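S.K.: what shape does this take:
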Amino acid sequence: MGQYTISRSVRDLAAFADRLDEGKVDVLGFSAGGAVLTRALADPRVAARLHRAIIAEPGPMDGPTARINGHKGRTSARDLAPAVSGPRSTRVPRYAVAFGFMRLGLLTPDTGLIGQAEGDNAFTAADLGSDTASAYCARDAHRIPAEDTARNFSFSPAASLRVQQTIRDSPSVAPGLRRSRVPAMLMIAECSSQVRQWATAVLAEAPAVQRTQYMPRVGHRIWNGLDDNNDRAAAVITAFLQDEPAPLPDHPTREQIPTFLRDRE
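M.R.: Coordinates of the predicted model:
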C-alpha cells in the first residue's frame, strides 16, 4: 500500500511512454488522471516525453489546491436521479465502516482492518448511485446510463485514498509548471462536480496552456453516451491535437463563466 503515491503514478506514466517507444506522446488525463498529467508537466524529466497534454476535469493536484473549497459547476443530478436498484455490497459492515473511517481520516489507507484484495471492486452500481449521478447535469437526471460494474468499473478505494493523501501532503507544483513548455488544454464541464479552482489556480501558472475548453451540457463525465456528447468531446480533443481552431467556443459566455474565472480574463 505504501507504493500508492502520486509520485509513483507520474513515474508509471513516464515508464508507459518509454515502453511505447514511439517518441513524444499525446496524453489525455481525466479526473484523477488529470492531476497525474499536470504533475507530469511540472517534472522536466517526464515532460520531456510529452508532445501535447489534455487535462480534463482534474482533481486536486498538490497540497495547496487540495485545501481549496471553491466554485463548482451548475447543478448536477446528484439529488435528482432515481435511486439505483440492484444489490449493494456495503451491507457488509467491516469494510463499509472501514472505508468511511478512512474518508474521515480516522483510519489510514494502509490499515490492516481490510485487505487490499478484499476492497478491490467491492462497490456495485447501487453503492455508487449518488456519486454516478453527480457526474451528470441535472437535466439528465432521469436518463443516466446504467453502469455495469462488473464490465466497466474497477476501483480500489484504499489505494485511491492513499494516493489522495500523498497529494494533500505534497508541495505546490506551480514552480515546475512555470517552466513547462508542453502545449496543454484544460477541459471544464458545465455541470462539473469538481472544484474548478483545483484546475484554474494551478494551471494559471503554466504558460503552455493554450486553451481552456468549456464543455456545455455535460457534467464530470464529459463523454457519457448521451446525445452527441462523445462526438463533441472527440472533436474538441482532435482539434487541439491537430492544432486547429476549437469546434466549440473555448470560453463560456459571461453568464456561464464563474466569477473567479471572469476576474482572470
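
S.K.: so, low pLDDT: which residues of the stretch 151-265 of the chain?
M.R.: Along the stretch 151-265 of the chain, segments meeting pLDDT under 70 span 151-155, 249-265.

S.K.: quick one: the strands in it, in order.
M.R.: Here the stretch 151-265 of the chain has its strands, by DSSP state E, counting those that start in this stretch, at 184-191, 209-219.

S.K.: out of those, which comes closest to Thr132?
M.R.: Minimum separation from Thr132 across the strands of the stretch 151-265 of the chain (Cβ to Cβ) falls at strand 209-219, 10.2 Å. Backbone N, C-alpha and C define where each C-beta goes, glycine included.

S.K.: and the strands of the stretch 151-265 of the chain, which is most packed in?
M.R.: The highest mean neighbour count among these, using mean count of other Cβ atoms under 10 Å, belongs to strand 184-191: a mean of 24.

S.K.: helices of the stretch 51-200 of the chain, residue ranges please.
M.R.: Here the stretch 51-200 of the chain has its helices, by DSSP state H, counting those that start in this stretch, at 63-66, 93-103, 116-119, 129-133, 149-152, 157-168, 174-179, 196-203.

S.K.: winner for burial among those helices?
M.R.: Mean neighbours per residue, mean count of other Cβ under 10 Å, is largest over the helices of the stretch 51-200 of the chain for helix 196-203, with a mean of 23.

S.K.: about what we covered before: dump the helices of the stretch 51-200 of the chain into CSV; add distance to Asp21 as well.
M.R.: Output for those, formatted as CSV (distance: least, Cβ to Cβ, whole Å):
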stretch, distance to Asp21
helix 63-66, 33
helix 93-103, 39
helix 116-119, 31
helix 129-133, 37
helix 149-152, 29
helix 157-168, 27
helix 174-179, 26
helix 196-203, 29
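
S.K.: with only the CA atoms kept, save stretch 167-179 in CSV.
M.R.: What follows is stretch 167-179, C-alpha atoms only, in CSV (Å, rounded to 0.1, in the frame of the first residue of the first chain):
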residue,chain,number,x,y,z
ILE,A,167,-1.3,14.7,-2.9
ARG,A,168,-2.5,16.6,0.2
ASP,A,169,0.9,16.2,1.7
SER,A,170,2.8,17.5,-1.4
PRO,A,171,4.2,21.0,-2.0
SER,A,172,3.0,23.3,-4.7
VAL,A,173,3.6,22.2,-8.3
ALA,A,174,3.5,25.8,-9.6
PRO,A,175,7.3,26.4,-9.8
GLY,A,176,7.6,23.3,-12.1
LEU,A,177,4.6,24.3,-14.2
ARG,A,178,6.1,27.8,-14.9
ARG,A,179,9.0,26.0,-16.7
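
S.K.: need the residues that contact that stretch.
M.R.: Contact with stretch 167-179 is made by 6, 35, 38-39, 41-44, 59-64, 66-67, 202-203, 205-207, as judged by Cβ atoms under 8 Å, 6 or more residues apart in numbering.

S.K.: so what's the closest residue to Val182 other than its chain neighbours up against?
M.R.: Of all residues not flanking Val182 in the chain, Leu50 sits nearest, at 4.8 Å (Cβ to Cβ, 6 or more residues apart in numbering). By Cβ under 8 Å, 6+ apart, the contact list for Leu50 reads 17, 24-27, 40-41, 182.

S.K.: of those residues - the most surrounded one?
M.R.: Using other Cβ atoms under 10 Å as the neighbour criterion, Leu41 leads those with 28 neighbours.

S.K.: wait, isn't Pro216 in contact with Ile188?
M.R.: No - contact criterion Cβ atoms under 8 Å: Pro216 and Ile188 do not qualify, at 10.4 Å.

S.K.: low-confidence regions, the stretch 1-150 of the chain specifically.
M.R.: Ranges of the stretch 1-150 of the chain meeting pLDDT under 70: 87-99, 106-107, 109-129, 148-150.

S.K.: okay then, goodbye and thanks.
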